[in-house]
Every structure is written in structure tokens, then in C-alpha cells.
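In: Next come a sequence and a model predicted from it.
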Amino acid sequence: MTEPDLVQLLTPAGGRVARPDYDARVAHLDAAALRGLYADMVLVRRFDTEATALQRQGELGLFPQALGQEAAQVGSGRALRAQDHVFPSYREHGVAWTRGVDLVDVLRQFRGIDHGGWDAAAHHFHLYTLVIGSHPLHAVGYGMGVQRDGDVGTGDPDRDTAVVAYFGDGSTSQGDTNEAFVFAAVNQAPVVLFCQNNQWAISEPTSKQTRVPLVDRGLGFGVPSVRVDGNDVLACYAVTAEALERARSGGGPTFIEAFTYRMGAHTTSDDPTKYRTSEEEQSWREKDPIDRLRAYLESIGELPQSFLDSLDAEAEAFGERLRTEVRAMQPPPTSSMFEHVYAGPHAIVDAERAWFEQYEQGFEDVAGGAR
């Protein structure tokens, strides 16, 4: 079987690869912009490190790392425009960062005190989806709505809108995701279907999910498809920028397979040593996305020590804020479960709230009587 073309602009050693079909997409990224991408990835990884430690200390119930996938997320996220809308799964911390979401708020969900602590409409970044493969259909439906609202193909860069659905290789085995491809293709929806193929759907390798490279499956639905080196932040930026431009202009959907690796566990309740080898993990550590961009910046003399020192200080302050604010988070009142069930008042919910308040009051009355 012939392996599909892998779009790559940076080698694992940090060498620049010429790709005439994509070079123009990153030509405007000067040294300051490249350092910005590097800082993004470093800070997102610091978030991962701190959140994992907080879970181990009992401060979070669960946490899914994005360790090793920073380039796929930051590169694609920085290609978005303000009006584009994102439908994430539960591991898109790097994309959330690029959309201006305070990552402290992301941890509210994993502390178990709400379903997502950010304003999805303000950031054009939907709440995390824990049900694997359910949200690509939501993204396509939203894209069809954008299309019918006339916000596609107008030529106005501040109006034309694209929608991105992020999911993993495991989601491609789900029926909902396959239906999303069907609807996206048939309706020429302005959607980018972005798969982070991190090689392992929990403990199941990609080889047990498909007989062909994942990127080829998109073509079967009639969706233009491209495989990109998911550990190459420049390539991920370039490929996503092209797909977003196609979507916004009315050219329809694109499927991107970002070929990457989950360097950590599936979640903090997982033990990857049970299903993969240390040799495999080490081979991917040598393709680390952060090390790759750092090597490139050093090779062109654009990574001054003053920048690194400032970034280290920022990361330390960020880690301290994460620890302090997460430990200070308090559970909401139990009655909050009745809020935001519907957009407006609902008689049944109101009745249930009244019953629950009376139920809780009964415990207070008993406790008061005991005194």
C-alpha cells in the first residue's frame, strides 16, 4: 500500500523543507510570530504538566493530556479568524489557548464543578465534548447554518466563516463522525474536519480501526483530504489556513489528518505501558514538536536568551496561578443543576427546582431540631 503524501515544512531536526504548494501560507510569519508559536506550545505543555500534577494530588477528578500534540493544535488554532467557530473534543487545550480561553476555566470541568467554565459564544469555542465522535455532526450542522445565513463566500474577510471539528482517530470509527462526512460533503458545508491521529484510540491502535490510511477515508466521502505532519507547527498552520480559506469562500469541506502521537496517557486513569512499547514512545519523543521549532529558531539565530528567560518566568507564573486558582475552586450550590437546562423558563424544571429546595430544607429542619 502506498503511503499518502505527508505535508511537512520542518523536519524533526528543525530543518526547513521547501513545499511550493504551502510555503506561501507561512511566508508572512516573521521571527516574532514564530517565537509566538513556540511560546504557545511551551505554555500549553506547562498547563498539561500542572494539570496532571493537580490530578495526582487529588485536586482534579480526571485530566486528558495533549502532550505531544501541541503543534497540531496551536498551528491549526492560530490559522483561525475571530469569527470562525470551533467544536472540540476533550483534549484541545492548545486550541482553547489560541481562542483566548483561560485554561484555568478548562479545569473547572475536570474538577467536577461545572460543564465548562468559559463563554462559548464569546470565544467561538464550544464546550468540551466527552462523548467520543458525537460533535462532528454538531459542527457540520452549525456550518450548514452559517451557510444558510449567507456568511460564506461573500468576499468579506470579517464575515465569511468556517467551522472546525477536532476529533481523534478513535472517533473515525464512530457512526456519528461518518455521518458528519456525508452531510458535509453533500451540502458543501464550510467545515474543516480535523483529525489528530495520535496512533492510539485509548488502547486501540489505528491498524485495528482502518485498512487504509485515515486520510484516504475522507476521499471516499468526496471530501478533499490532506495528511500533515502533526508535530510540525508550520505545516499544521499552512494546511489549516488553506482548508479554512476553501471553506470560507464556499469551496466546501476539507478533511485533515494530523499525523501525531499521544506522548502521555489517554487520561490520568490510563496506563499506556499496558499496550505500547517504550521503544515506540522514544521514537516519537525524538519528533517532539517543541524541540523541532526550537531547533529551527536556533538555526536561524532567532531565539535570544532574553526571550527564553522571559518565557520561563511566564511559565512559572502561569503554573503558580493554575495551582492557586484550582485549589480555591469551590463546588456550586446543588440548585445550580437546574440552571441553563433550557434557554428560557420551563414549568417542569421550575417545579423540580421547587421540590428539590423543599427536599434540602427538610435536612436543615432535621439538623436544627437535633440541636
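Out: Structure's in. What do you need? Residues are numbered from 1 along each chain as shown.
In: what residue ranges in the stretch 151-300 of the chain are flagged as low confidence?
Out: Along the stretch 151-300 of the chain, the model assigns pLDDT under 70 to no residue.
In: And the strands in it, which stretches?
Out: 163-168, 191-197, 200-201, 204-205, 225-229, 254-259 (DSSP state E, counting those that start in this stretch).
In: Let me see the residues that make contact with the fifth one.
Out: It refers to strand 225-229. The contact list for strand 225-229, computed with CB atoms under 8 Å, 6 or more residues apart in numbering, reads 4-8, 10, 72, 213-219, 235-236, 239, 243, 254-259. No exception for glycine: its C-beta is placed from N, CA and C like everyone else's.
In: which of these are buried?
Out: By neighbour count, with 16 or more other CB atoms under 10 Å, the contacts of strand 225-229 hold 4, 6-8, 10, 72, 213-218, 235-236, 239, 243, 254-259 as buried.
In: Now intersect the residues you listed with the helices, please.
Out: Among the buried ones among the contacts of strand 225-229, the ones falling in helices (DSSP state H) are 72, 214-218, 235-236, 239, 243.
In: Which two of those residues have the greatest separation?
Out: The distance between the two most remote of these (CB to CB) is 20.6 Å, for Arg217 and Ala235.
In: and the closest residue to Gly112 other than its chain neighbours, what does it touch?
Out: Leaving aside its sequence neighbours, Gly112 sits nearest to Gly61 (CB to CB, 6 or more residues apart in numbering; 4.9 Å). The contact partners of Gly61, taken as CB under 8 Å, 6+ apart, are 55, 110-112.
In: tell me the SS of Gly61?
Out: coil (DSSP: H, G, I helix; E, B strand; the rest coil).
In: The chain should start at 41 in everything you say after this.
Out: Sure, I'll start counting at 41 from here, so that last one is Gly101.
In: Is Trp137 located within a strand, as I assumed?
Out: No - Trp137 is assigned helix when assessed by three-state DSSP, not a strand.
In: looking at it, it is touching Val144, isn't it?
Out: No - in this structure Trp137 lies outside contact range of Val144 using CB atoms under 8 Å: 11.5 Å.
In: what is in contact with the two at once?
Out: With the criterion set as CB under 8 Å, 6+ apart, the contacts of Trp137 and Val144 do not overlap.
In: which one of the two has more residues nearby?
Out: Each of Trp137 and Val144 has its neighbours counted (other CB atoms under 10 Å); Trp137 has more, 23 against 18.
In: Please name the nearest non-neighbouring residue to the more buried one.
Out: That would be Val84: by CB to CB, 6+ apart, it lies 5.4 Å from Trp137.
In: residues contacting the one you found?
Out: Residues in contact with Val84 (CB under 8 Å, 6+ apart) are 106, 110, 113-114, 133-134, 137, 143.
In: and what of Met303?
Out: Residues counted as contacts of Met303 (CB under 8 Å, 6+ apart) are 105, 107-108, 321, 324-325, 328.
In: how does it look with 6 Å?
Out: 107-108 (CB atoms under 6 Å, 6 or more residues apart in numbering).
In: how many neighbours does Ile242 have?
Out: For Ile242, using other CB under 10 Å, the count is 14.
In: can you check the one 3 residues further on too?
Out: Pro245 is flanked by 12 other residues according to other CB under 10 Å.
In: One more: Ala335?
Out: 17.
In: now swap in the one 10 residues further on and tell me
Out: Per other CB under 10 Å, the neighbour tally for Gln345 reads 7.
In: Please apply the same query to the one 5 residues further on.
Out: Look at Ser350: counted by other CB under 10 Å, it has 12 neighbours.
In: max-length helix in the chain?
Out: Under DSSP H, the chain gives helix 71-96 as its longest helix.
In: shouldn't Gly173 be in contact with Gly210?
Out: No - in this structure Gly173 lies outside contact range of Gly210 using CB atoms under 6 Å: 7.5 Å.
In: Report the spatially closest residue to Asp311, excluding sequence-adjacent ones.
Out: The spatially closest residue to Asp311, leaving aside those adjacent along the chain, is Ala305, at 6.8 Å (CB to CB, 6+ apart).
In: so that neighbour makes contact with Thr313?
Out: No - Ala305 lies out of contact with Thr313 (CB under 6 Å); the separation is 9.2 Å.
In: Straight-line length of stretch 262-272, end to end?
Out: End-to-end distance for stretch 262-272: 27 Å, by CA to CA, to the nearest Å.
In: Ok, stretch 116-134 next?
Out: Note: stretch 116-134 ends 9 Å apart using CA to CA.
In: any idea of the mean pLDDT in that stretch?
Out: Stretch 116-134 carries an average pLDDT of 98.
In: Also stretch 384-394?
Out: The model assigns stretch 384-394 a mean pLDDT of 96.
In: Would you mind writing the CA trace of that stretch as CSV?
Out: Taking Å, rounded to 0.1, in the frame of the first residue of the first chain, the C-alpha atoms of stretch 384-394 are listed here in CSV:
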residue,chain,number,x,y,z
GLY,A,384,-35.7,30.2,29.0
PRO,A,385,-38.0,29.4,31.9
HIS,A,386,-39.6,25.9,31.8
ALA,A,387,-42.5,24.9,34.0
ILE,A,388,-41.3,21.3,34.7
VAL,A,389,-37.8,22.5,35.6
ASP,A,390,-39.3,25.2,37.9
ALA,A,391,-41.4,22.6,39.6
GLU,A,392,-38.4,20.2,40.1
ARG,A,393,-36.4,23.1,41.5
ALA,A,394,-39.1,23.9,44.0
